[in-house]
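[1] Predicted model and sequence below, questions to follow.
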Amino acid sequence: MTIKPLIILPDPLLREVSKPIETVDDAVRRFADDMLETMYDAPGIGLAAIQVGEPLRMLVLDVTKEDEERKPQVFLNPEIVAHSDERSTYEEGCLSIPDYYAEVERPASVTVRYLGLDGTMHEEAVDGLYATCLQHEIDHLNGVLFIDYISKLKRDMVIKKFTKQAARRQPG
């Protein structure tokens, strides 16, 4: 397994819409292992393929608490097929926007349809942190970031901060 470098804001790749996975093969399974290793190393609870530079509709999650046994999950071509009218708010962060957190309101529960690593279709209704995390990562696959849900003023400040940091990292 390989830990992949994370794509950080303002990299334009984060705004790309990811392409569907056509075939579930050993290369896809190896990449899923690399993504899980990268997510755990970060550490995080979710990671979309685009965040490691691959515009593929794949994400990994593990929302277990630190003292619990890990329950890694891989979602290929996930899509939200239903969501509740009830809303919930969580403080979200993102591995591609390090050390920035904001309250985001989303549907409290969702039903997601996805392909598993075994190549079979699954459908699952989820709520709580699990639902929030799934929505956050599926947004990544569509080029949407959690900062798109905060005020324009705050979003502009975050983008400006990360753009300055990126400029400082550039040689020359």
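    Arrived safely, thanks for sending.

[2] What distance do you get for the nearest residue to residue 45 once chain neighbours are set aside to residue 140?
    In space, residue 45 comes closest to residue 63 once its chain neighbours are excluded; the distance is 5.2 Å by CB to CB, 6 or more residues apart in numbering. Backbone N, C-alpha and C define where each C-beta goes, glycine included. Taking CB to CB, to the nearest Å as the measure, residue 63 falls 16 Å from residue 140.

[3] ok, back up a step: OK, contacts around the residue nearest to residue 45?
    45-46, 71, 129-130, 133 (CB atoms under 8 Å, 6 or more residues apart in numbering).

[4] could you dump those residues to JSON lines with distance to residue 53?
    Rendered in JSON lines, the data for those read as follows (distance: CB to CB, whole Å):
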{"residue": "45", "distance to residue 53": "20"}
{"residue": "46", "distance to residue 53": "17"}
{"residue": "71", "distance to residue 53": "26"}
{"residue": "129", "distance to residue 53": "26"}
{"residue": "130", "distance to residue 53": "26"}
{"residue": "133", "distance to residue 53": "21"}
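
[5] Sitting in helices, which of those residues do you find?
    Using DSSP state H, the subset of these located in helices is 129-130, 133.

[6] Flag the shaky bits of this structure, pLDDT-wise.
    172 (pLDDT under 70).

[7] Not counting residues beside it along the chain, what's closest to residue 16?
    Residue 16's closest residue in space is residue 55 (CB to CB, 6+ apart), at 5.0 Å.

[8] pretty sure the residue nearest to residue 45 is in a strand, no?
    No. Residue 63: not assigned to a strand; according to DSSP: H, G, I helix; E, B strand; the rest coil it is coil.

[9] Closest to residue 8 out of the ones in helices among the contacts of residue 63?
    Set against residue 8, the nearest of the ones in helices among the contacts of residue 63 by CB to CB is residue 133 (19.6 Å).
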